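1. Dropping the sequence and predicted coords here.
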Amino acid sequence: MIIAALPSLLAMPELPEVEVTRLSFASRIAGARIVNVAMGKPLRWPLGCAVSRLQGLTVLGVRRRGKYLLLDLNQGLLVIHLGMSGSLSFGPALSPPGVHDHFDCHTDKGLLRLHDPRRFGAVVYADHPDSPMVHKLLGHLGVEPLEDAFCAAAFAQTLKQRSTVIKQLLLAGDVVVGVGNIYASEALFLAGIRPTSRASRISKARAYRLHAAIQQVLRAAVALGGSSLRDFSNAQGQNGYFQLQAMVYDRAGQACRVCATPIKRVVQGQRSTFYCPQCQKP
Ligand SMILES: [Zn+2]
């Protein structure tokens with residue numbers, strides 16, 4: 001079973017796709033013993049140990065932090081990032097690695113495989129959750145948007161102190177993690193906030209609305225992705241994003257679903273942003 005399918009033209013995996021990936025194999029791989037590991041072409045970062053170091057280790061469980069998956073082992077952990085185009089599958093080892101399969105982890109419960117045509121993804125071994133490498137990758141991450149630590153009052157307070165443009169602040173990930181390009185655009189629409197607004201100019205009431213909108217779009221996407229998992233039987237992963245019917249994302253020139261004003265597209269930090277000039281106030 002393929003567990004994270006990605007579109008050819010859309011965007012990189014965002015938090016919901018990573019969380020659905022986690023949900024799809026976490027319980028099945030728990031307790032698995034690693035038999036051997038084979039690496040393909042170099043990924044974004046090196047593994048950080050000889051593959052033989054992993055042999056015989058046991059997978060205790062799978063956590064997610066931002067867009068990273070953490071495979072806790074009985075000694076150390078594997079930090080996995082899907083990059084721009086990566087997908088993980090876990091199941092019977094039915095085929096030898098293809099040209100884009102760059103991490104094959106054979107366990108006594110099945111094969112965990114990273115398929116990554118663009119190779120911006122990575123699998124990194126750390127011997128301890130507090131190792132410098134883990135800190136380097138995860139230390140700067142903001143709070144998890146779907147956990148209690150993401151508090152509306154603190155979020156509103158933080159926005160007041162930041163002069164950054166709100167869309168850029170959301171994408172940066174140091175205030176709240178995992179809100180990528182699609183979901184930032186959608187959440188800002190739901191909250192009625194123009195993506196180009198400065199964070200510090202957003203009122204407390206609107207910041208609370210944005211907080212709720214971020215959780216709403218991410219929860220809906222995780223739920224949709226979870227419900228579509230059973231359809232993920234195509235090993236080529238052509239099933240695409242579990243995308244909600246977007247209100248603004250990728251709808252430039254089309255009528256706003258609320259007010260019929262044409263949706264605008266602007267480029268911020270080299271990323272496309274979509275918004276309704278009528279529904280979203282500066
Ligand atoms: Zn509108």
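-> Noted; the coordinates are in hand. Residues are numbered from 1 along each chain as shown.
2. which residues pair with the nearest residue to V35 once chain neighbours are set aside across the strands?
-> Leaving aside its sequence neighbours, V35 sits nearest to H106 (Cβ to Cβ, 6 or more residues apart in numbering; 4.5 Å). (Each C-beta comes from the backbone N, C-alpha and C, glycine too.) On DSSP bridges, the residues paired with H106 through beta bridges are N36, L111.
3. and the gap between H106 and P97?
-> Distance, H106 to P97, by Cβ to Cβ, to the nearest Å: 11 Å.
4. cool, G40 as well?
-> G40 sits 6 Å away from P97 when distances are taken as Cβ to Cβ.
5. Tell me how many other residues crowd the residue nearest to V35.
-> Using other Cβ atoms under 10 Å, H106 has 18 other residues around it.
6. Toward the C-terminus from the longest helix along the chain, list the very next helix or strand.
-> Of all the elements of type helix in the chain, the one with the most residues (DSSP state H) is helix 204-228. Elements were assigned by DSSP states H and E; along the chain past helix 204-228, the next helix or strand is strand 264-268.
7. May I see the buried residues of that following strand?
-> K264, R265, Q268 (16 or more other Cβ atoms under 10 Å).
8. Switch those residues over to CSV; also include distance to F120.
-> Formatted as CSV, those follow (distance: Cβ to Cβ, whole Å):
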residue, distance to F120
K264, 29
R265, 24
Q268, 21
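9. Out of these, which is nearest to the ion?
-> K264 (10.2 Å; Cβ to the ion).
10. Report the contact partners of F150.
-> Taking Cβ atoms under 8 Å, 6 or more residues apart in numbering as the criterion, F150 is in contact with V143, E144, V176, H211, I214, Q215.
11. Actually, K167.
-> The neighbours of K167, taking Cβ under 8 Å, 6+ apart as the test, are A184, S185, L188, P195, T196, Q268, T273.
12. Format the residues you listed as TSV; extra columns: pLDDT and distance to A221.
-> Rendered in TSV, the data for the contacts of K167 read as follows (pLDDT from 0 to 100; distance: Cβ to Cβ, whole Å):
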residue	pLDDT	distance to A221
A184	94	12
S185	94	13
L188	97	15
P195	97	19
T196	97	24
Q268	91	21
T273	95	18
